[in-house]
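[1] whatever this is, show me its structure:
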Amino acid sequence: MAISKQKKTEVLTTLDAGMKNAETVVFVNFHKLPVKEITSLRKSLRESGVTYYVAKKTLVKRALDAKKVTGTQPELVGELALAWSTDPIAPAKGVFEFAKTHADQVSLMGGVYQGAYMSKEEITQLASIPGRDALLGQFVGMLNESIARVVRVIDLHAAGMGTVAPQVPAPIEAIPVAA
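    Have a look, this model is predicted:
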């Protein structure tokens, strides 16, 4: 369906403004997805700070060309939606998690990460990175384990010092000097 020039200008303005500060833009193919499910997807993405926007492929291509994205653009097949955010992982992770339960209706087609096109496989790898909270939890766990190991070593050393008397070197005997 053709849209007016004014509507095209509005869409381009929205895309430019959205992608201006976006760290990651994910290309989403949605096929025969009921409105109720689209609403659910939008809600879950919004909760993690991700914008979900449906636009014509020609307008998306025009917006991306204006942004001067490097690399080769992945093939955009079927219905196209964009998910973007300032969080580098949230858009890919949000769509990827939703696609697990809606495999025949939603899929990742690729995206843009830090100004360069990424393939479907690369975006999927990005989506598999744990979230910020999980990474912080893993980091704190590693720190805690390191501290615990140091404490155990000091404790063993202190326990060993308490049972064995320290060895004091024997005094050196004076050697007689010939006169």
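
[2] so where is this structure shaky, pLDDT-wise?
    Along the chain, the parts satisfying pLDDT under 70 run over 1, 162-179.

[3] tell me where it has strands.
    Assigned by DSSP state E, the strands in the chain fall at 24-30, 51-54, 80-85, 106-113, 116-118.

[4] between the third one and strand 106-113, what angle do the directions make?
    Compare the direction of strand 80-85 with that of strand 106-113 by axes from the mean of the first three to the mean of the last three Cα atoms, to 10 degrees and you get 50 degrees.

[5] direction included, what does strand 80-85 pair against?
    Strands adjacent to strand 80-85 in the sheet, as given by DSSP bridges, are strand 24-30 (antiparallel), strand 51-54 (antiparallel).

[6] how far does the first one sit from its chain's centre?
    Okay, so that is strand 24-30. 15 Å (Cα atoms, centre = their mean, to the nearest Å).

[7] can I get that strand in PDB, CA atoms only?
    Provided in PDB are the C-alpha atoms of strand 24-30 (Å, rounded to 0.1, in the frame of the first residue of the first chain):
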ATOM      1  CA  THR A  24      22.300  -1.700  18.200                       C
ATOM      2  CA  VAL A  25      19.500  -2.000  15.600                       C
ATOM      3  CA  VAL A  26      18.100  -5.500  15.000                       C
ATOM      4  CA  PHE A  27      16.200  -6.400  11.800                       C
ATOM      5  CA  VAL A  28      13.200  -8.600  12.700                       C
ATOM      6  CA  ASN A  29      11.100 -10.700  10.400                       C
ATOM      7  CA  PHE A  30       7.600 -11.200  11.700                       C
END
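
[8] buried ones in that strand?
    24, 25, 26, 27, 28, 29, 30 (16 or more other Cβ atoms under 10 Å). (Each C-beta comes from the backbone N, C-alpha and C, glycine too.)
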